[in-house]
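# pasting the structure only:
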């Protein structure tokens, strides 16, 4: 397979598997801030373990001082993505999205609502501020970008083109990675550039992983401890084939044929191959950037999102030499580890000849901890 370069990630499962007792434990936690934060941390960790198992595994590689931020960011992503599962009414969905806009705004201002993710986010933001004397922060605009992008796709709206899918992945998965980098903190144009490609790969792969569950939504009480790489299933139980429309047209895939024949639908594997190839292209680009830096060369191309408002770098960072850029990447490597889990899933997809309905693709990969350890140790994406 050529370089394999993510649907609305994350809501593979239907209902929150975090038990009511866990919620009650949070609500009844002792009034001391440490106790409340500890309850929020446990809640977020349990949420990620059930809905985003790769992120739960990869938290090991996030420095301890940034781990609360990582857990809050990933748990936020899960809860926002699951709004589509819980609502069939667009107005209600929009109201819940607004709740998260308000919750993030209040959390980053130090006055979170009594909601576990918001409580942990507020604690992480406060710790980052104290650790850096106010020089680093978690960008509210990046959180809002994730919310706004997910809101656009509440009704399983199709992606017109492969490029629009890339844009979706950039505004969700890549943005989550920017937030994680800022929690370290790491303000590096090179680290952001690598993260952008990894995030796009992960987001595109998310579409593919979620395709069977979106086309054939499980019962309303379906649970899963798989990762968050699925798409929003939609409470209306109406199936959809969320592949880019231009790709489907090019290879002759028809939605009704997928509903009728599943993986045997004419052209489906060709479409999956095309989308998967774009995801792998992004991973290969990230690896080549790292290889170039280690060879003392330029990374090879400009960062297309460098001029966006939230990407702010010092003059020193913008003129940093290759050795300095490489040091930034290696210091931030824990935040880039989604490249490992995404690459492994794409390898599995290739092994089953791009049959996205193969049940092996939905299973937790027991090799991930081992592969991740060696990737982190060798600083190889």
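Now that the structure is in, tell me what you want to look at. Because the structure is predicted, anything quoted here is derived from the model rather than measured.
# Tell me, how many residues neighbour residue 140?
Residue 140: 16 surrounding residues under other Cβ atoms under 10 Å. (Glycine included, C-beta is placed from N, CA and C.)
# before we move on, what about residue 270?
16.
# Model confidence for it, exactly?
As predicted, residue 270 sits at a pLDDT of 98.
# Can you give me the distance of it to residue 87?
Distance, residue 270 to residue 87, by Cβ to Cβ, to the nearest Å: 34 Å.
# repeat for residue 102
In terms of Cβ to Cβ, residue 102 sits 17 Å off from residue 87.
# The two: who's more crowded?
residue 87 (19 against 12).
# Which residues are in contact with residue 67?
residue 59 (Cβ atoms under 8 Å, 6 or more residues apart in numbering).
# per-residue confidence at it?
Confidence score, pLDDT, at residue 67: 98.
# On the three-state scheme, it is what?
Following DSSP: H, G, I helix; E, B strand; the rest coil, residue 67 is assigned to helix.
# repeat for residue 148
Strictly by three-state DSSP, residue 148 counts as helix.
# number of nearby residues for it?
With other Cβ under 10 Å as criterion, residue 148 counts 13.
# What are the boundaries of the strands in the stretch 151-300 of the chain?
Ranges of strands within the stretch 151-300 of the chain: none, based on DSSP state E, counting those that start in this stretch.
# Flag the shaky bits of it, pLDDT-wise.
For the stretch 151-300 of the chain, the stretches flagged by pLDDT under 70 are 219-238.
# Can you show me the helices along it?
162-169, 175-183, 189-215, 245-251, 255-261, 268-294 (DSSP state H, counting those that start in this stretch).
# Which parts of the helix or strand following the last one count as buried, going by neighbours?
What it means is helix 268-294. Next helix or strand after helix 268-294 toward the C-terminus (DSSP states H and E): helix 315-318. The neighbour-count check on helix 315-318 (16 or more other Cβ atoms under 10 Å) flags residue 317 as buried.
# Need the contact partners of the helix or strand just after helix 315-318.
On the C-terminal side of helix 315-318, the closest following helix or strand by DSSP H and E is helix 322-331. If you take Cβ under 8 Å, 6+ apart as the criterion, helix 322-331 is touched by 184, 186, 188, 190-191, 194, 290, 292-294, 296-299, 320, 336, 379.
# Report the buried members of those residues.
The neighbour count (16+ other Cβ under 10 Å) marks 184, 186, 188, 190-191, 194, 290, 292-293, 299, 320, 336 as buried among the contacts of helix 322-331.
# Check the model's average confidence along the helix or strand hosting residue 84 for me.
Following DSSP H and E, one finds residue 84 within helix 83-86. For helix 83-86, the mean per-residue pLDDT is 73.
# so what secondary structure elements neighbour the helix or strand that it is followed by?
Heading C-terminal from helix 83-86, the first helix or strand you meet, by DSSP H and E, is helix 90-108. Packed against helix 90-108 by the contact rule (3 or more Cβ pairs under 8 Å, 6 or more residues apart in numbering; DSSP states H and E) you find helix 67-81, helix 83-86, helix 116-131, helix 140-152.
# could you redo the last one with a cut-off of 7 Å?
helix 83-86, helix 116-131, helix 140-152 (3 or more Cβ pairs under 7 Å, 6 or more residues apart in numbering; DSSP states H and E).
# Out of these, flag the one nearest residue 241.
Of all the helices and strands packed on helix 90-108, helix 83-86 sits nearest to residue 241, with 16.2 Å by Cβ to Cβ.
# mind putting the helices of the stretch 151-300 of the chain in JSON lines, distance to residue 91 included?
Shown next, in JSON lines, are the helices of the stretch 151-300 of the chain (distance: least, Cβ to Cβ, whole Å):
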{"stretch": "helix 162-169", "distance to residue 91": "23"}
{"stretch": "helix 175-183", "distance to residue 91": "26"}
{"stretch": "helix 189-215", "distance to residue 91": "22"}
{"stretch": "helix 245-251", "distance to residue 91": "26"}
{"stretch": "helix 255-261", "distance to residue 91": "26"}
{"stretch": "helix 268-294", "distance to residue 91": "32"}
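# So which of those helices is nearest residue 81?
For residue 81, the closest of the helices of the stretch 151-300 of the chain is helix 189-215, at 9.7 Å, according to Cβ to Cβ.
# how big is the angle separating that closest one from helix 162-169?
Using axes from the mean of the first three to the mean of the last three Cα atoms, to 10 degrees, the inter-axis angle of helix 189-215 relative to helix 162-169 is 110 degrees.
# With that, I have no additional questions.
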